[in-house]
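Peer 1: Just need the structure, nothing else, for what follows:
(one chain, ligands or ions: 1)
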Amino acid sequence: MQLKFGMNQFDTSRVFCIGRNYAEHAKEMGAPKPSEPVVFMKPATSLVREGEPLVLPKDQGSVHHEMELVVAIGREGRDLLREQAPDHVAGVTLGIDLTLRDLQAKLKQAGQPWERAKSFEGSAPIGTFIPWPAKFDIQGVEMRCSVNGALRQQGNTRDMLFPVAEIIAFLSRHWRLRSGDLIFTGTPAGVGPLVAGDRITVESLQIGDFSWNVV
Ligand code: ZN
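Peer 2: Purely as a prediction, here's the structure:
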């Protein structure tokens, strides 16, 4: 997918995602606090732009919303130090890491990879990116997720177990980061099911508000 914002234009092929990055969410999932970032990936074909319909998988159990800060990488980087990481960020937005929760539970129990529960078509809606650097602290982003007007999730990126700079440094030790890579940085507590007919909104005073209709 091609992304354009500010002076930037990127071709995105990879979407990295961080699991269990907020203690309260790890707790609601009955999972221990991780000692290093939990990483999985979605293909760029799972991205859905703001306003496009969210088509949920049928007959595969519950689909949960996970509101997340999403970071776009703007510069190649390998083996980065934490201090170098901010220079590699080109933009931020909010996104939703859609998750087939029942299927994920089954896969976890069987000790299998999460791909089918996480990387399905349409599983990664993203808002419009705002260019980075901006005039706010990336670890002070207040965000809310509501469904049909009812508040479901409220969080602040200050509560991340692994802050954005640490995530970027960690990922760059395993992959050469490329311009256009996206990183979903984990969800605060309050995840819950979506059904056809719902309208979901993620919003942040610093970043903006983005909505999708679920079909
Ligand atoms: Zn997530």
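Peer 1: Now this protein against the ion: closest residue?
Peer 2: Nearest to the ion, among the residues of the chain, is Asp97, at 3.4 Å (CB to the ion). Bear in mind the C-beta positions are built from the backbone N, C-alpha and C, glycine included.
Peer 1: For stretch 200-212, the averaged confidence score.
Peer 2: The pLDDT scores in stretch 200-212 average 98.
Peer 1: what does that stretch rub up against?
Peer 2: Contacts to stretch 200-212, defined as CB atoms under 8 Å, 6 or more residues apart in numbering, come from residues 48, 50-54, 65, 67, 92-96, 125, 127-128, 130, 134, 136, 141-147, 194, 199, 214.
Peer 1: Over to stretch 170-182?
Peer 2: By CB under 8 Å, 6+ apart, stretch 170-182 touches 3, 10-16, 36-37, 39, 44, 47, 70-80, 85, 88, 90, 95, 126, 162, 168, 183.
Peer 1: of these, buried ones?
Peer 2: Among those, the ones that count as buried by 16 or more other CB atoms under 10 Å are 3, 10, 12, 14-16, 37, 44, 47, 70-74, 77, 80, 85, 88, 90, 95, 126, 162, 168, 183.
Peer 1: Give me the subset of those lying in strands.
Peer 2: 3, 10, 14-16, 47, 70-73, 90, 95, 126, 183 (DSSP state E).
Peer 1: Buried residues, stretch 165-182. List them.
Peer 2: The neighbour-count check on stretch 165-182 (16+ other CB under 10 Å) flags 165, 167-172, 177-182 as buried.
Peer 1: Kindly reformat those as TSV containing pLDDT and distance to Gln153.
Peer 2: Compiled in TSV, the buried residues of stretch 165-182 are given as follows (pLDDT from 0 to 100; distance: CB to CB, whole Å):
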residue	pLDDT	distance to Gln153
Ala165	98	24
Ile167	98	20
Ile168	98	24
Ala169	98	27
Phe170	98	24
Leu171	98	24
Ser172	98	29
Leu177	98	28
Arg178	96	30
Ser179	95	30
Gly180	96	27
Asp181	97	25
Leu182	98	20
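Peer 1: any idea how far the spatially most central residue of the chain lies from Leu98?
Peer 2: Using CA atoms, centre = their mean, the residue of the chain that lies closest to the mean C-alpha position is Phe184, 2.7 Å off. As for Phe184, its distance to Leu98 is 11 Å (criterion: CB to CB, to the nearest Å).
Peer 1: now swap in Glu203 and tell me
Peer 2: Using CB to CB, Glu203 is found at 18 Å from Leu98.
Peer 1: Appreciated, that's everything.
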